[in-house]
Structure formats: C-alpha cells, structure tokens
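Visitor: curious how this folds, go ahead:
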Amino acid sequence: MKKRLPWLIGLLVILFANFTASAQVPERKGWWKFDDAANLLKADIGTSLTGDGTPVEGPTANNKAIQVALGSYLTMNHGIAANGGGTTVNEYTLQIDFSIPETGKWHAFFQTDPAAGNLDAELFTNTSNAIGVADAGYTSKTVSANTWYRMLVSVKNGEFLKIYVDGVLWLDGTSQPVDDRFGLLSSLLIFHDNDGDDATINCSELGIWDVALDADQAAALGGANNAHVPVRTKLGWWKFDDTADLLKAEIGSPLVLTGTQESVTGPTIANKAVNIPLGSSLKMTHGILPNGGGTKINEYSVQLDFSIPEVNKWHAFIQTNTSDNLDAELFTNTTNNIGTRATGYSTNFVSANTWYRMVISVKNGEFFKVYINGELWLDGIKQDIDGRFSLLDNLSLFADDDGDDAAILCSEAAIWEVALTEAEVLALGADPTAQIPERMGLWKFDDPSNMLKADAGLDLGETGPNSSVEGPVSGNNAIEVPLGSYLTMKHGSYGNGGGLMVNEYTLQIDFSVPEIGAWHAFFQTDTGNAGDADLFTSKSTNAIGTAQTSYTTKTITANTWYRMLVTVKNGEFFKVYMDGELWLDGAGQEIDGRFALADLLLLFGDDDGDDGLINCSEVAFWDVALNPDQAAKLGTASTVITGIAQQNLSGSASDLGQNYPNPFSNSTIFPYQIQKAGNVSFRVMDIAGKELRVINEGVLSPGKYNLEIHSDHLKNGIYFLQMKSEQGVMTRKMVVAQ
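Guide: This is a model prediction of the structure:
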C-alpha cells in the first residue's frame, strides 16, 4: 500500500484539477482565509478586511476560522467596478464558508449598505434555519448547528439570484431590479444587521468574484475546505449497441477488453449486448475519487444488465483487484444464488437465458446490498472501510483468477459515486426486457389550438376536417376524425428488416369508436390513399384485423377506450395487442410486402368509405417491434407508463446532457449543446407522457447552455424533459425526491 499511495495521490490531484478546469472557475477578486491568528483579517487576494472577530477552529485541523459575535461585523472593500448595466455592482458571486453555534436564531450573512446602521441584512438564516430573505424567498432545506457549509450567492440583478450550498442549488430566488437590492457599492458588510438579527457565526473562508458563477462552477468548488461533492448521476455508462465499437462509453471512458468478446442480441430487439466468454473480462476507468473516510473508494453503485447462458456454474460480476489475479467480489454460484462468502448469498436464484438488472450498492462500514430487477435480493454483511469491495482507479467486470467466470452476456453497465437508495434503484426500472425504447414519434392531441403538433418527431398532416373531443380521462383530450378524413404521419424511420422499406416497427393507437357495426380504418401504407386500409374493425363482427392476417376472436364495444399496439416484422410476424393483451397473432407478410412502410403513413384513411368516425387520444411510433413484456407494460389508454428508455442519440448524445443533481428536491440543471442555430424548446412530461410545462428558449446560436428546472408543483416521482431543436428531439429522465 505504501508503494501505491504516492501514485494514488497524484491521480487525485490530476482528477481534481481536471474537474475544476472543466468547470472553468475564474480567479476570485477577493479571498480571505482566516488561517493566520496573528493577522486574522489579511487578504490572500485583494484588500484586508476590517472589523472584529476571534480566531477559532475551522472545518479541519489545518483550516482555521473567525468567530464574529452578535453586534460585530467585517467590512470588505471588494474592488469590483460597477457592472450589469447599472451604477452599482449588479453581477457577482459571494462565497461564505460558515457554521452556526446555535440554530433557531437569525444569522446575518451580508449587508450592502456601507453606512452600517439603517437597513436589514440582505441574507439570513431564519428561526426555522432556512436561508433567504423575504424579497427573494427561503430555502426548503435547512442548516444544522456546528456543521460547516460552503455557500455561494450568485447574483445577476435583473435576471436571477441563486444560492448554492456545498455545490447544490438550494434557492433560485426572486431576482431584483438592476441597482436595487443586492447591488453592491464599494464596501460590503459581512455578518451585519441593523436590529440584532446577527447571532454569532463562524467563518473559515470568504471569496468574491465579479461574475455570477454557474451550477458547474459551484459543483466544482464543492463544500467547505474544497471537499468534493458527490453527484447522484452516472459517472460511467456503457450500452454495447454499436457493433463496430462495443467498448465505447455513453458517459465516461471506453472500456478495455482482455480476451475476446462478441456482439449478441440483448433483452430486446433494439438493445444489443456483449458476450464475454470464460477467461475474458472488461475493465472500466470510473473516475471516482476516494470517499467514505478511507484512502480508497468505499461508496459507489454498479449496474449490470446480464443474462447467463448456462446455470449451475460460477459467473463472476466484479473484481476490485486491478491486476485481475484474485477471486471476484461477487458471483453466481453452482446453485445459481448471487453473493460471495464474505457477504453471504441470496436465497433467490437466477435462471438461464433470462435478463436481469442488477444494482450493487456499496457503502463500506455500513452496508452491501444487491438489487435484482428492483428487488433487494441480498442485504449482505458490511465490510470494513478500505476493505473488501473498496475500489482503486479501475474496476474489472466478469473477471476471476481461477476460472470461476463462465460466459456471461451484458447489455448495459453503469457506475455511480454514491450508494443508490432503494427508491433510486426502483427509478432505474426493473426487468431489462420490459424497458420501453424511446418513441420516434408521439402525438397526444391535448392542445385544441394545435392538435397536430408532435411531442416527439414531426407534426402530423391532415386531409379533411377534424375536431377536439374528450379523451379517456379528464385532462386527456382526443381528436375526432370523421368519415373521409385522415391524418398523415412522417415517421422518420429508414428501410429496415432486410428490405428497401420499413419492415419492422410498432404503431400505437389509443382509440374509441362511437358506434359499432361499421368499418373503421386504422392505418394505410399507400401514401396516395388509393387502396384499402391495412387494418380495420369489421362491420359485421366488430373484430380487428384484415383478410390477409385474419381477425381477432375478441371484439370491441362502442364508447370504450383501447390502447392498440400493432407490432410488425415482415417475414416473421404481425401482432396486435389490445390493452397489453395479445388479440391477434396474424400471418407474417413478405419483406417489402403488405404492412411495409414508405416515408409516409396514413392514419384512419381508406379509399372507399370503410373509415367510419373514430376518436384518438394518442399515437406513437417505434422503429422496432415491441415484445409482449413491453406491450403489457404500456397497458391501457389511461396507463401511467414507467421505464421509457432515454433516447440513445448516436453522434449527438451530448446535445442534451443528464441533469444534476438527480434525483433532486428543489431544482436541477440540464446541460445542453446547440450545434445549429434555430428555435429551441423544452417540455416537461410526467411518466404517462402528459405535458406539464413548456419552456421556449427562442432562437439560440451554436454553443453550450444550461437549463434549470424547478420542482415547484412536481410531486415525488419520475419525469421526462424533452428538448426539441434543429438537431431533432431528445429526451432525458429525471427524478423528484423531496
């Protein structure tokens, strides 16, 4: 260990330097650290402070602090020129590393009136221990006594007031006008209030910038004493979908292969996997810094979506030894249970050729947990800090030193620098086979002023009249398409399934019919509306089908809402699911034959009047044939859908980044990149796809941006942010946990 430590320290310095550089934190205009008891108020950058205070211990033994008692304060001459379009300093960031000896009291942070006597402070902790002021609002989170915090007050008058605590946004406050409250004159009073609301406070560091720092920069600055603030988003993510580069990363660094690998089919048709045979392994460089109170990484989570071709064999999942010359840390044993001798084994067992989502949540000194498909299978014996399961800079997947690593398939791997909670594991989704891929197109008909607009993909076209009507539930509208009218869909899929046309796809139609005993047309592949529809309800039986595929034995009733999924794979099958149940397993058609799509698809169109009035509340399109598990999960026309996969954007995955923090309680940041100038808009949707908010950013030039989302009026749960730009439509999942 002594030989490794200097190398490890060097790695930490490099990683931290890279992290800080990536956030591009500018140099402070003023910096005061209070470490010299003989000259407590001296400046590391800028002009020395004036005022009264007593030296005390800070966050660590080598980091001292000043204690400023009730009635005392410090004066800062910051040296920043007027900015932000006014005569005062309207844009700046103030850093205060502080702790309070007592809660339940008012503590003043700063006052912009240099006359020092006739105004309230600009920012407080109140008697409920929240941070804020009446004009800007208060945080929902609160501070505790004798706990050190790094607070950043980021001000841009006329636009925003944000308060970050330990790298996390606690308050997106009400912005003030230019040259109004929070505008600075030449002097700034620290810890002063005019009427006694300035209880004793300790401060280990002050800093000031002449710009408003952003969320990335706040995260890079971290907590008091520059402590790294762990994020609850993936630091590494690998999906194995690119057969030309199985090792590439969606997030983080590419994997490294030892031995051989093979691309194979994964849990679903659209989700590929890698086959790692006996004696081969993958190695990840995860980028996590040592944590959990030791010199190694003692807290983390790993996700592995896996399947084993054979049971009754040892299969290795992870190995922390970077040389791969020891036993793995987690196995399936010969009785197909998951665990290891150090932690014990699960009572549940795995089966062959079955896909599982495993999440390993580790916090050495406290717990070792293994979740399978969202269920806790193993609450194992906890290990010592820096003991078993602690990580160095690399982690090996599927490696073992003595042959206990039988062939294993993996469709997805991910790593976090925190131990995920049970709720967070559930939010990842359960069975990989039921994960629903991202729709290429989605149309919901909820906006009566623009019923044809797309939630994903391109807006629909129309031929003939239509009108807005009530849908399956309150708040969910629908479109009424009468006889002789139809809609046109540009689905955006390219030729697939071995032909020139689209031979594999899934079409979702949520519908009801006001009367039975009539023909109703669902879709037509002839773009000129010169032929029969390709799927009907029969006039005589009210069954669903067509002559070539046969008809369902079950029938529909009037004024009843159904969710129909038509899954097509020409050359193999044609299936119709109703409310998650297979109603028709029809005859598969030839490649590029019936049901194959050109670039345009007609909805509810027929050439000779077999297209009776129909109501539709939702249409969706996938370029893969969904499986029975996915159809069951999509459920009915009023089902709340979970587990919709985030869009895998080949070549543009960075256009809409994953939010941080995630889950979040007050607010979260989505980084995004614009590659081509044009209109940019966002939609916040619930897990049923219901639109909750629309955010129009207008025309943006190419560059990098951040979008902040607040949890106001959002209950705990899973939501989706959809970005629409000239690049297309991109979706990310977020979790609110207040």
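Visitor: what sits against residue 370?
Guide: If you count contacts by C-beta atoms under 8 Å, 6 or more residues apart in numbering, residue 370 has them with 330, 338-339, 346, 358-361, 376-378, 380. For glycine as for every other residue, the C-beta is placed from the backbone atoms N, C-alpha and C.
Visitor: so what's it bridging to?
Guide: Counting by DSSP bridges, residue 370 forms beta bridges with residue 360, residue 378.
Visitor: now residue 141: how far from residue 89?
Guide: The gap separating residue 141 from residue 89 is 28 Å, by C-beta to C-beta, to the nearest Å.
Visitor: just residue 595 next, same as before
Guide: In terms of C-beta to C-beta, residue 595 sits 67 Å off from residue 89.
Visitor: could you pull out the helices for the stretch 601-738 of the chain?
Guide: Under the criterion DSSP state H, counting those that start in this stretch, the stretch 601-738 of the chain contains helices at 628-634.
Visitor: again with the chain
Guide: Under the criterion DSSP state H, the chain contains helices at 5-23, 215-221, 422-427, 628-634.
Visitor: kindly format the C-alpha coordinates of the last one as PDB.
Guide: Put plainly, it is helix 628-634. Taking Å, rounded to 0.1, in the frame of the first residue of the first chain, the C-alpha atoms of helix 628-634 are listed here in PDB:
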ATOM      1  CA  PRO A 628     -45.100  -9.000 -25.100                       C
ATOM      2  CA  ASP A 629     -43.500  -7.700 -21.900                       C
ATOM      3  CA  GLN A 630     -43.200  -4.200 -23.300                       C
ATOM      4  CA  ALA A 631     -46.800  -4.300 -24.600                       C
ATOM      5  CA  ALA A 632     -48.000  -5.400 -21.200                       C
ATOM      6  CA  LYS A 633     -46.100  -2.500 -19.600                       C
ATOM      7  CA  LEU A 634     -47.600   0.000 -22.000                       C
END
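Visitor: what's the pLDDT at the residue lying closest to residue 715 once chain neighbours are set aside?
Guide: The spatially closest residue to residue 715, leaving aside those adjacent along the chain, is residue 736, at 7.0 Å (C-beta to C-beta, 6 or more residues apart in numbering). On pLDDT, residue 736 comes in at 82.
Visitor: so what's the residue count around residue 736?
Guide: Residue 736 has 18 neighbouring residues, counting by other C-beta atoms under 10 Å.
Visitor: quick one, what contacts it?
Guide: 663-665, 711, 714-717, 719.
Visitor: can you flag the buried ones in those residues?
Guide: The neighbour-count test (16 or more other C-beta atoms under 10 Å) applied to the contacts of residue 736 identifies 663-665, 711, 714, 719 as buried.
Visitor: can I get the residues you listed in a markdown table including distance to residue 619?
Guide: As requested, the buried ones among the contacts of residue 736 are exported to a markdown table (distance: C-beta to C-beta, whole Å):
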| residue | distance to residue 619 |
| --- | --- |
| 663 | 31 |
| 664 | 32 |
| 665 | 35 |
| 711 | 30 |
| 714 | 26 |
| 719 | 22 |
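Visitor: if we can go back for a sec, the residue nearest to residue 715 pairs with what?
Guide: residue 664, residue 717.
Visitor: and it, how far is that from residue 668?
Guide: 9 Å.
Visitor: tell me which of residue 141 and residue 89 has more neighbours.
Guide: Legend: neighbour count by other C-beta under 10 Å for residue 141 and residue 89, higher for residue 89 (24 against 15).
Visitor: isn't that one right up against residue 179?
Guide: No - proximity of residue 89 to residue 179 does not meet the contact threshold set by C-beta atoms under 8 Å, at 9.6 Å.
Visitor: my guess is residue 668 meets residue 658, correct?
Guide: No - using C-beta under 8 Å, residue 668 is not in contact with residue 658; the gap is 9.8 Å.
Visitor: which one's more surrounded, these two?
Guide: residue 668 (25 against 19).
Visitor: residues contacting that one?
Guide: Counting by C-beta under 8 Å, 6+ apart, residue 668 makes contact with 169, 659-662, 708-709, 711, 734.
Visitor: kindly recompute the last result at 7 Å.
Guide: Listed by C-beta atoms under 7 Å, 6 or more residues apart in numbering, the contact partners of residue 668 are 659-662, 709, 734.
Visitor: and residue 160, by the same measure?
Guide: So residue 160 contacts 172, 175 (C-beta under 7 Å, 6+ apart).
Visitor: likewise residue 484?
Guide: residue 464.
Visitor: phi, psi for it please.
Guide: According to degrees, to the nearest 10, the main-chain angles of residue 484 amount to phi 90, psi -10.
Visitor: use 19 as the first number from now on
Guide: Got it, first residue is 19 now, which makes that one residue 502.
Visitor: please list the outside residues in contact with stretch 578-590.
Guide: Contact with stretch 578-590 is made by 490, 515-516, 521-530, 553, 574, 592-597, 606-609, 611, 613-614, 643-644, 649, 652-655, as judged by C-beta under 7 Å, 6+ apart.
Visitor: against residue 636, how distant is residue 740?
Guide: Shown here: residue 740 relative to residue 636, a distance of 15 Å by C-beta to C-beta.
Visitor: compare those two and say which is more crowded by neighbours.
Guide: Set residue 740 next to residue 636 and count neighbours by other C-beta under 10 Å: residue 636 wins out with 23 against 20.
Visitor: so what are the domain limits for this structure?
Guide: 41-244, 254-450, 459-645, 685-754 (automatic domain parsing).
Visitor: comparing these by mean pLDDT, which bottoms out?
Guide: With a mean of 82, domain 685-754 has the lowest mean pLDDT of the domains of the chain.
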